[in-house]
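Visitor: Pasting a predicted model and its sequence here:
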Amino acid sequence: MGYRISRNMEASLIDYIKDELASASWNNVNVEKTFAKVYDIDLPTICVRVGDTTHEQAEVGSNSTVRAPFILIDIFAKDDGGRLDLKDFLVSILKHGCPYYDYTVVNGSIQSKVQNGRIRVTNIDDTGVDLGVDKSNLDVHDRYRHLLTLTTSLGRMET
């Protein structure tokens, strides 16, 4: 059994970000897919998740659609400088897109992945998160947050 498209996109992005961080010698940056886990681990942490997705009709008279998911990438940093550096790094690697993989999962563990196209990034919204409260009154994980919202596509029709 394997993941379906949304989970494949999350896993593909997580693998890509981890590989790029390692290649650029960004040590000790966690990459997660579960928002709730972020508050139990050390900073800095990046959380990748698929948000709202539109499925637009591909052609008249057909049920085929083109999927355009929003990918939400939350950055939880130790300080403002780290937040800015990390978000700029992520924008620089993500604006070119990344490989899309189909994952095979057995008993909850990924057994293999096969590249099956690319995730195309058509837009990036880059927003600092201001919770409207003095930062010293916030949980350490919420003091220096940033959100990247990517509009993406696999560039294919789904039947």
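Guide: In hand now; what should we look at? Numbers count the residues shown, from 1 in each chain.
Visitor: Just list what the biggest helix by length in the chain packs against, helices and strands only.
Guide: Longest helix of the chain, by residue count under DSSP state H: helix 5-23. Applying 3 or more CB pairs under 8 Å, 6 or more residues apart in numbering; DSSP states H and E, we find helix 5-23 packed against strand 30-32, strand 45-57, strand 65-76, helix 80-94, strand 98-106, strand 109-129. Where you see a C-beta, it was placed from the backbone N, CA and C, and this is true even at glycine.
Visitor: between these, which gets nearest to Y144?
Guide: For Y144, the closest of these is helix 80-94, at 4.5 Å, according to CB to CB.
Visitor: Please look at T122 and T151 and confirm they touch.
Guide: Yes. T122 is within contact range of T151, at 4.9 Å (criterion: CB atoms under 8 Å).
Visitor: what is in contact with these two at once?
Guide: A68 (CB atoms under 8 Å, 6 or more residues apart in numbering).
Visitor: Tell me which of the two has more neighbours.
Guide: Higher neighbour count among T122 and T151: T151, with 15 against 12, using other CB atoms under 10 Å.
Visitor: Looks to me like the more buried one is in a strand.
Guide: Yes. Per DSSP: H, G, I helix; E, B strand; the rest coil, T151 lies within a strand segment.
Visitor: Show the pLDDT at it.
Guide: Per-residue pLDDT puts T151 at 96.
Visitor: Ok, K113 next?
Guide: Model confidence at K113, given as pLDDT, is 97.
Visitor: what's the burial count for it?
Guide: Neighbourhood size, K113 [other CB under 10 Å]: 19.
Visitor: quick one: it from E10, how far?
Guide: 13 Å (CB to CB, to the nearest Å).
Visitor: so what pLDDT did the residue nearest to the spatial centre of the chain get?
Guide: What sits nearest the mean C-alpha location of the chain, by CA atoms, centre = their mean, is V48, with 3.3 Å. With respect to pLDDT, V48 scores 98.
Visitor: cool, A77 as well?
Guide: In this model, A77 carries a pLDDT of 96.
Visitor: H141 is in contact with that one, correct?
Guide: No. Using CB under 8 Å, A77 makes no contact with H141, being 9.5 Å away.
Visitor: So those two - more neighbours on which side?
Guide: Each of A77 and H141 has its neighbours counted (other CB under 10 Å); A77 has more, 22 against 19.
Visitor: The more buried one and Y103, how far apart?
Guide: Counting by CB to CB, the gap between A77 and Y103 amounts to 29 Å.
Visitor: what's across from the residue nearest to the centre of the chain in the sheet?
Guide: Under DSSP bridges, the beta-bridge partners of V48 are I73.
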